[in-house]
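In: Dropping a prediction and its sequence here:
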Amino acid sequence: MSEMTGHRELSLEQIVSFLKADRQEENELFHRSATLKQAYVGNNVYLRGLIELSNICEKDCYYCGIRCSNRQVHRYRLTHEEVMSTLLFAHEKGFGSVAIQSGERSSPTFVRQIDKILRDAKKVTGGEIGITLSCGEQTKETYRRWFESGAERYLLRIESSSEKLYGKLHPADEKHSYGRRIRALEALKETGYQTGTGVMIGLPFQTVVDLADDLLFMKQMDIDMCGMGPYIEHAATPLWEDRHQLLPLNERLRLSLRMIALLRILMPDINIAATTALQAIEKEGREKAIRIGANVLMPNITPARYRDDYFLYENKPLTARNDEEELDYLEERLQAIGHRIGYHHKGNSPRYKKRTGREQ
Ligand code: SAH
């Protein structure tokens, strides 16, 4: 660790060795990333209220519980009114922004539905609420239309930056092509979004070199935000077959925390989310991530009666607490680790501000 005096200059070999670190090296890594985080983004944690708009999906990704071939899923879509009242709840509670996530669809009706949500959200909150979209690959025209209607950020995980591994996780057709996903990411950046990506950690067939390459990919793409977390198997997916070669869940959690710490070191001024999948493995997984590098939390605020249907993987945290209680709980937990919630702030990525000179 001593050779790591600066930041941003980690080689592939150094990253790999940190991913394989022993406990002591891990402590040093976490100490370094926590210090850098404090220096660059401070101890504010920004909230993105997560609204799971619909689990209807045209894709058939081998890892995902809501893939179109899974006939056991009860498919739903929130009505416009449900989205708006959820959004207003977030606004009233002082969430600076919401993230609208959905199964992937490209029909004109879907594109219009999102468009209307964006316009109305702006109207009813006086432009005060920031909106992140996470609605998959769309045409450049669609991305532009949504941007003009008020979406400021877009999260599109590359899932794995290794084309070979990507190929093993998806059907071999144009709809699931690696190239198409990369081009979509590039289109998002060109359109002007604060652009986020991310990967799953601990996938079958994935090596630590793949993971190190993922981090360097994010650096090279000069992304503004990242959401990444452990892969968790789902019984009704093809990848379930390969579960025997997976790392134990607690190892996948540790690896994810190391990935977050290393990304904070490589890209100290971006927004990094402590994702739900961390919490699925350990009750306090998200808090651990905040401590060592993450600065964004995405509490699920999807109306309760739909929440259990957006079932991406096993153990996904469901409706244990109500949203108010969840917020109190988070506030308490964050305070205990010296952090506080940045209420009423959109919490834009400092990287984006530097990159573009734009506030939002
Ligand atoms: N349709 C959108 C959103 C997909 S769901 C899109 O294409 O971007 C959001 C994320 O859930 C995915 O990007 C994927 O990384 C994650 N996910 C899906 N299945 C998962 C699993 N089994 N374990 C962990 N994360 C998973």
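Out: Cool, the structure landed.
In: what kind of secondary structure is residue 35 in?
Out: Three-state call for residue 35 (DSSP: H, G, I helix; E, B strand; the rest coil): helix.
In: Pull the contacting residues for the residue nearest in space to the middle of the chain.
Out: Taking Cα atoms, centre = their mean as the criterion, residue 227 is the residue nearest the geometric centre of the chain, at 2.7 Å. Each residue near residue 227 by Cβ atoms under 8 Å, 6 or more residues apart in numbering is listed here: 155, 157, 196, 198, 272, 273, 275, 296, 298. Using the backbone N, CA and C atoms, a C-beta is placed for each residue, glycine as well.
In: redo that, cut-off 7 Å
Out: 155, 157, 196, 198, 273, 275 (Cβ atoms under 7 Å, 6 or more residues apart in numbering).
In: Describe which strands the strand or helix carrying it pairs with in its sheet and in which direction.
Out: Using DSSP states H and E, residue 227 sits in strand 225-230. Note on strand 225-230: by DSSP bridges, its sheet partners are strand 194-197 (parallel), strand 200-201 (parallel), strand 271-274 (parallel).
In: Mean pLDDT, distance to the ligand and mean neighbour count for those - can I get that in a markdown table?
Out: Formatted as a markdown table, the strands paired with strand 225-230 follow (pLDDT from 0 to 100; distance: least, Cβ to the nearest ligand atom, whole Å; neighbours: other Cβ atoms under 10 Å):
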| stretch | mean pLDDT | distance to the ligand | mean neighbour count |
| --- | --- | --- | --- |
| strand 194-197 | 98 | 9 | 26 |
| strand 200-201 | 98 | 5 | 26 |
| strand 271-274 | 97 | 11 | 27 |
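In: I'd like to know which of these lies nearest to residue 250.
Out: strand 200-201 (12.8 Å; Cβ to Cβ).
In: which residues are in contact with that closest one?
Out: 63, 159, 160, 211, 228, 229, 230, 231, 252, 255, 256, 259.
In: and residue 64, which of the three is it?
Out: Quick answer, by three-state DSSP: residue 64 is coil.
In: That one: what's it in contact with?
Out: Contacts of residue 64 by Cβ under 7 Å, 6+ apart are 237, 312.
In: Tell me the predicted confidence for it.
Out: What the model reports as pLDDT for residue 64 is 98.
In: how far away is it from residue 300?
Out: Using Cβ to Cβ, to the nearest Å, we find residue 64 at a distance of 17 Å from residue 300.
In: do residue 227 as well
Out: The value you get for residue 227 to residue 300, if Cβ to Cβ is used, is 14 Å.
In: Quick one: residues contacting the closest residue in space to residue 225 that isn't next to it in sequence.
Out: Leaving out its chain neighbours, the residue that sits closest to residue 225 by Cβ to Cβ, 6 or more residues apart in numbering is residue 196, at 3.4 Å. By Cβ under 7 Å, 6+ apart, residue 196 lies in contact with 153, 154, 155, 223, 224, 225, 226, 227.
In: And the nearest residue to residue 337 once chain neighbours are set aside, its phi and psi?
Out: Distances taken as Cβ to Cβ, 6+ apart put residue 291 closest to residue 337, at 5.4 Å, once the chain neighbours are dropped. Main-chain dihedrals, residue 291, degrees, to the nearest 10: phi -60, psi -40.
In: Kindly report the same for residue 174.
Out: phi -60, psi -40.
In: where does residue 283 land on pLDDT?
Out: With respect to pLDDT, residue 283 scores 89.
In: Now it: which helix or strand?
Out: Using DSSP H and E, residue 283 falls outside every helix and strand.
In: same deal with the one 5 residues further on?
Out: Following DSSP H and E, one finds residue 288 within helix 285-292.
In: Packing partners of the helix or strand following that helix?
Out: Next helix or strand after helix 285-292 toward the C-terminus (DSSP H and E): strand 296-297. Counting contacts by 3 or more Cβ pairs under 7 Å, 6 or more residues apart in numbering; DSSP states H and E, strand 296-297 packs against strand 44-54, strand 271-274.
In: let's go with 10 Å and repeat that
Out: strand 44-54, strand 225-230, strand 271-274, helix 285-292, helix 323-336 (3 or more Cβ pairs under 10 Å, 6 or more residues apart in numbering; DSSP states H and E).
In: May I ask you to confirm that residue 69 is in contact with residue 58?
Out: No. Counting by Cβ atoms under 10 Å, residue 58 is not a contact partner of residue 69; they are 11.1 Å apart.
In: how far away is the closest residue to residue 170 other than its chain neighbours from residue 289?
Out: Excluding the flanking residues, the one nearest residue 170 by Cβ to Cβ, 6+ apart is residue 176, at 3.8 Å. According to Cβ to Cβ, residue 176 stands 29 Å off from residue 289.
In: Check residue 100 too.
Out: Taken as Cβ to Cβ, the span from residue 100 to residue 289 is 22 Å.
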